[in-house]
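K.L.:
What follows is a predicted protein model with its sequence.
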Amino acid sequence: MVEALRDARVVVTGAGGGIGAALARAFAAEGARVAVNDLDAGAARTVAAEIGAAVVPGDASGIVPAARTALGGRIDVFCANAGVGTGGGPEAEDAAWELAWDVNVMSHVRAARALLPEWLERGQGRFVSTVSAAGLLTMIGAATYSVTKHGALAFAEWLSLTYRHRGVKVHAVCPQGVRTRMLESTGPAGDLVLAPTAIEPEDVARAVLAGIEAEHFLILPHPEVADYYAARAADPEHWLGGMNKLQRGYEELQAQQARPAAGTAAGSPVPAAKEGDLA
C-alpha cells in the first residue's frame, strides 16, 4: 500500500478509459476516495460504478469546485490526465493549436489556480500531471502535441520548484506508447515510434504508484526514456540526426500507406482524445 494515498481524496480527469481509468482503479485499490472525471459522462459513470467512486463529468478545466464537493470538501491529489492529440506542423489550423494548448496546458494551470489556495493553507497537496515522453523529447508528425506537452512539463517543473517547500508535491508522468484508442489512431507515426514498445494503461498506473511512494518528480513508465532524454541534452546534434532518420522513415511509411483517412486530416484532432498515448 502507498501510505500517501490511504484515505486520500483524489480527482482523476480523463478517467473514462485508458490511463485515466487505470489510475482511478489503482488509487481506489490503495484506499483512496476517488472522483472520476471525463467529457464522456457515460464512460465516467461506468468506471465510477466499478470502483465505488464519485462522478464529476465535464470539461476538466473547471471541475475543481464540483470535485471538491463530491469528495466531501477536500482534494488531496489531483491527476491532470485529460489531454488531446493533434497532428500536423505549422500548417495545422489555429483551432488545432488552440485546442491542444487549452487542454494540454491551460487545464493544468486552471486546476492549479483553483487548488493552490487550499493546499498552501493546509501545507500539503499533490499534483500529478500526465505529460508524455513527447514533453521530454518530441513526437514526429505532431508539432501541436509535442509543443504543448513541453509546456505541460515546464508548468509541472515550475509548480514543483516553487511550492515543494510549502508541502505541495508534483509528479510528471511521461510514458511513450500506451495501448489505448489514441494509439490506434496515430497512423504511421505510431506504428513506427510507439507500437513496438507500447505498454498497458495498468503498467502506467503501477509506475505512478511507485513514483508517488518514492516521491519522484519524473515518473517514467518506459525507463529507457531517461537515456533518450540524457542523450538529447548531452548531444543535441546527434539526437536530432537520429530523430530526422525516424522522420524519413515516417515519410516512407506515409508514402506506402497513402490513402485518404476520413476525419483525420493533418491538423485535426485525433478522434479519441485520451491522455498519455503518444511519445
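P.N.:
Happy to help now that I have it.
K.L.:
What count of nearby residues applies to the nearest residue to A82 once chain neighbours are set aside?
P.N.:
The spatial neighbour of A82 that comes closest, neighbours along the chain excluded (CB to CB, 6 or more residues apart in numbering), is G14 at 3.2 Å. Yep, even glycine has a C-beta here, placed from its N, CA and C like the rest. G14 is flanked by 32 other residues according to other CB atoms under 10 Å.
K.L.:
distance of G14 from P196?
P.N.:
According to CB to CB, to the nearest Å, G14 stands 25 Å off from P196.
K.L.:
elements contacting the helix or strand containing A49?
P.N.:
Under the criterion of DSSP states H and E, A49 resides in helix 41-51. Contacting helix 41-51 under the criterion 3 or more CB pairs under 8 Å, 6 or more residues apart in numbering; DSSP states H and E are the following elements: helix 18-29, strand 33-36, strand 54-55.
K.L.:
Provide the strand pairings for the shortest one, with the direction of each partner.
P.N.:
This points to strand 54-55. Each strand that strand 54-55 pairs with, and the sense of that pairing, follows from DSSP bridges: strand 33-36 (parallel).
K.L.:
who's in contact with the strand it pairs with?
P.N.:
Applying CB atoms under 8 Å, 6 or more residues apart in numbering, the external contacts of strand 33-36 come out as 7-12, 15-16, 20, 24, 27-28, 44-45, 47-48, 51, 53-56, 67, 70-72.
K.L.:
ok, 6 Å please
P.N.:
Surrounding strand 33-36, the residues in contact under the criterion CB atoms under 6 Å, 6 or more residues apart in numbering are 9-11, 15, 24, 27-28, 44, 47-48, 53-56, 67, 70-71.
K.L.:
V36 versus the residue nearest to A82, what's the distance?
P.N.:
With the distance defined as CB to CB, G14 ends up 10 Å from V36.
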